[in-house]
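Visitor: A structural model of the following input is requested.
(one chain, ligands or ions: 1)
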Amino acid sequence: MNEDKEHKEIPDSTGRIAVKVDDLTVAYNYKPVLWDIDLEIPEGVLMAIVGPNGAGKSTLIKSILGILNPIAGSVSIYGKSYEKQRALVAYVPQKGSVDWDFPTTALDVVMMGTYGSLGWIKRPGQKEKKMALEALEKVGMLPFKNRQISQLSGGQQQRIFLARALVQDASIYFMDEPFQGVDATTEIAIINILKELRKANKTVIVVHHDLQTVPEYFDWVTFLNVKKIATGPVKDIFNDDNLTKTYGINYKVSIQE
Ligand SMILES: Nc1ncnc2c1ncn2[C@@H]1O[C@H](COP(=O)(O)OP(=O)(O)OP(=O)(O)O)[C@@H](O)[C@H]1O
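Guide: Residues are numbered from 1 along each chain as shown. This is a model prediction of the structure:
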């Protein structure tokens with residue numbers, strides 16, 4: 001696909017919808033785990049997807065990315081199918097879903113992020129290596145560039161996957177629990193990078209479990225529990241009512257101003 005062409009086809013008006021999900025229903029073994037989801041994600045938001053274990057958060061991301069086939073409904077990225085727009089999208093999968101024993105170095109993993117823009121024939125060269133090294137520096141992992149990924153800690157592996165997403169230079173970033181198992185320093189490093197992406201008008205969609213940090217980290221939120229409970233600006237909809245609808249009776253979170 002010609003990435004530049006696709007970029008130019010994005011209209012220049014403001015208020016663009018980056019991701020649109022229509023009537024999406026997804027089932028495993030005939031059991032629906034997402035039910036009739038409608039969702040519009042505006043361009044440039046930093047959005048948390050929250051909901052209890054098994055709510056369908058990962059399933060929603062995988063369905064948007066075409067990894068899972070819905071039994072009904074459709075998804076579009078800037079008005080077109082994911083297949084046509086895949087160069088605009090970067091994905092940081094859930095940590096547990098990655099084979100960390102694969103024999104490869106941190107630098108190689110990050111370089112893989114450049115493959116999409118290279119096409120089938122070209123191999124990554126000096127330019128791609130430079131991009132990968134810069135991304136490693138950004139996530140504080142440059143000293144580990146030649147380390148096998150299996151010999152990195154969980155938080156370090158997470159940073160490597162973030163660096164891989166950064167070199168993709170995408171418009172939309174999907175991240176499935178990027179803060180899982182990372183220390184406070186790494187969490188701050190990651191959130192600063194996410195905020196930088198938002199400043200650059202990228203759209204960032206993050207599955208997130210720590211409700212306390214939602215108002216501090218995110219400006220948009222989607223509450224999910226098989227059905228979509230609510231979606232919108234954090235300041236308008238992150239309240240006890242939606243938390244209770246999503247997590248069960250009398251769910252309270254003290255929101256720090
Ligand atoms: N491959 C699979 N086969 C069958 N059922 C599955 C499969 N993957 C997920 N499920 C089920 O689908 C539902 C949604 O799972 P999903 O992983 O999307 O939830 P989640 O909200 O991301 O959960 P968590 O917060 O625990 O990561 C769960 O009930 C889960 O058991």
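Visitor: CA only for contacts and neighbour counts going forward, please
Guide: Fine.
Visitor: which residues of the chain fall in helices?
Guide: 3-8, 57-64, 82-85, 106-112, 115-118, 126-138, 154-167, 184-199, 214-217, 234-237, 240-247 (DSSP state H).
Visitor: so of those, which one's packed in deepest?
Guide: Each of those was scored by mean neighbour count; the highest is helix 154-167, a mean of 24, by mean count of other C-alpha atoms under 10 Å.
Visitor: counting contacts, what elements does that helix pack onto?
Guide: Helix 154-167 makes packing contacts with strand 89-92, helix 106-112, helix 126-138, helix 184-199 when contacts are defined by 3 or more C-alpha pairs under 8 Å, 6 or more residues apart in numbering; DSSP states H and E.
Visitor: so can I have a markdown table of the helices of the chain showing mean pLDDT?
Guide: Listed next are these as a markdown table, based on pLDDT from 0 to 100:
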| stretch | mean pLDDT |
| --- | --- |
| helix 3-8 | 39 |
| helix 57-64 | 95 |
| helix 82-85 | 92 |
| helix 106-112 | 91 |
| helix 115-118 | 62 |
| helix 126-138 | 92 |
| helix 154-167 | 88 |
| helix 184-199 | 89 |
| helix 214-217 | 95 |
| helix 234-237 | 96 |
| helix 240-247 | 94 |
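Visitor: out of those, flag the one nearest His208.
Guide: His208 lies closest, by C-alpha to C-alpha, to one member of these: helix 214-217, at 8.0 Å.
Visitor: export that closest one to PDB, keeping only CA atoms.
Guide: Taking C-alpha atoms only, helix 214-217 is exported to PDB below (Å, rounded to 0.1, in the frame of the first residue of the first chain):
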ATOM      1  CA  VAL A 214      -7.500   7.500  34.600                       C
ATOM      2  CA  PRO A 215      -8.300  11.200  35.200                       C
ATOM      3  CA  GLU A 216      -4.600  12.100  35.400                       C
ATOM      4  CA  TYR A 217      -3.400  10.100  32.400                       C
END
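Visitor: what bridges to the closest residue in space to Ala230 that isn't next to it in sequence?
Guide: Spatial nearest neighbour of Ala230, excluding adjacent residues (C-alpha to C-alpha, 6 or more residues apart in numbering): Phe223 at 5.2 Å. Beta-bridge pairing of Phe223 under DSSP bridges involves Val50, Ala230.
Visitor: quick revisit: of the helices of the chain, which approaches the ligand most closely?
Guide: Across these, the ligand has its closest neighbour in helix 57-64 (3.7 Å, C-alpha to the nearest ligand atom).
Visitor: ok, the closest one near the ligand or not?
Guide: Yes: applying C-alpha under 6 Å from any ligand atom, one finds helix 57-64 touching the ligand at Lys57, Ser58, Thr59.
Visitor: excluding chain neighbours, what is closest to the second one?
Guide: Meaning Ser58. Ser58's closest residue in space is Asp176 (C-alpha to C-alpha, 6+ apart), at 6.7 Å.
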